[in-house]
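> Provided below are the primary sequence and the corresponding predicted coordinates.
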Amino acid sequence: DTAVSQTPKYLVTQMGNDKSIKCEQNLGHDTMYWYKQDSKKFLKIMFSYNNKELIINETVPNRFSPKSPDKAHLNLHINSLELGDSAVYFCASSQDGRKGYEQYFGPGTRLTVT
Amino acid sequence: DAKTTQPPSMDCAEGRAANLPCNHSTISGNEYVYWYRQIHSQGPQYIIHGLKNNETNEMASLIITEDRKSSTLILPHATLRDTAVYYCIVRAKLYNTDKLIFGTGTRLQVFP
């Protein structure tokens, strides 16, 4: 069984469109994260939610809006997509992000904006 | 910015031990050292973490120097499947929630 799953795995879209990426974890964890890995392979945190509450919000454009309907799901909605948004987006979860438990990552969603 | 320094790449023969060094000279007393790896095109995978004592699990061993300014991840018997980018991370706290700050890592190539 997949611990952290993301859909879709690949997403190709045009500039200006709005798209969403979904993430689900079946580990019973309280904390979920979104990371972005750019073309140079730098991996950087974007958001973190703990029990549906936004905990970390890095300097990310407000076109990116995370939503956590319950603690097992954290979706990422992106408005007005730009070329620079092309990247691999990873979702992750941990038992309790406030206590330094290890993070489990999903397989990633490769977003290509044309 | 990442608080760690790692060599950009290393090679290791299959079956031999892979020793991956990491410098973290500015580490604080309550910060842990974490190791993750990323196999090509996959999500990062947790390996091991430690505070000041050496640690061992089914994947690897972590050796932390007494002054805690550096550490070494040891894969005792490297296999081809261990080829990956290995990240040494000093755990940073922000708003009472840990934030992993990934550096550039070490690309380990295991060859037959």
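Nice, I can see it.

> contact partners of stretch A:50-63?
Applying CB atoms under 8 Å, 6 or more residues apart in numbering or on different chains, the external contacts of stretch A:50-63 come out as A:30-31, A:33, A:44-49, A:66, A:68-71, A:78-82, A:96-98, B:94-97, B:99. Backbone N, C-alpha and C define where each C-beta goes, glycine included.

> Mind checking which of these are buried?
A:30-31, A:33, A:45-49, A:66, A:68, A:71, A:78, A:81, A:97-98, B:97, B:99 (16 or more other CB atoms under 10 Å in any protein chain shown).

> quick one: low-confidence parts of chain A?
A:1-2, A:98-99 (pLDDT under 70).

> ok, now with 80
A:1-2, A:59, A:96-101 (pLDDT under 80).

> Spell out which residues of it are next to chain B.
A:4, A:31, A:41-45, A:48, A:50, A:55-56, A:90, A:92, A:94, A:97-100, A:102-108 (CB under 8 Å from any CB of the partner chain).

> now with 7 Å?
A:43, A:45, A:48, A:50, A:55-56, A:90, A:97-98, A:100, A:102-108 (CB under 7 Å from any CB of the partner chain).

> burial of residue 8, as a residue count?
Went with chain A since none was named. Other residues near A:Pro8 come to 13 when the count uses other CB atoms under 10 Å in any protein chain shown.

> Chain B is the one I meant
If you count neighbours by other CB under 10 Å, B:Pro8 ends up with 9.

> how about it, phi and psi?
Phi and psi for B:Pro8, reported as degrees, to the nearest 10, are phi -70, psi -30.

> about what we covered before: inside strands: which ones of the residues of chain A next to chain B?
Residues of those located in strands (DSSP state E): A:Leu43, A:Ile45, A:Ser48, A:Asn50, A:Ile55, A:Ile56, A:Phe90, A:Gln103, A:Tyr104, A:Phe105.

> Of all the residues in chain A, which one is nearest chain B?
Nearest residue of chain A to chain B: A:Phe105, at 3.1 Å (CB to the nearest CB).

> Which residues are in contact with that residue?
By CB atoms under 7 Å, 6 or more residues apart in numbering or on different chains, the contact set of A:Phe105 is A:Val4, A:Phe90, A:Ala92, B:Gly43, B:Pro44.
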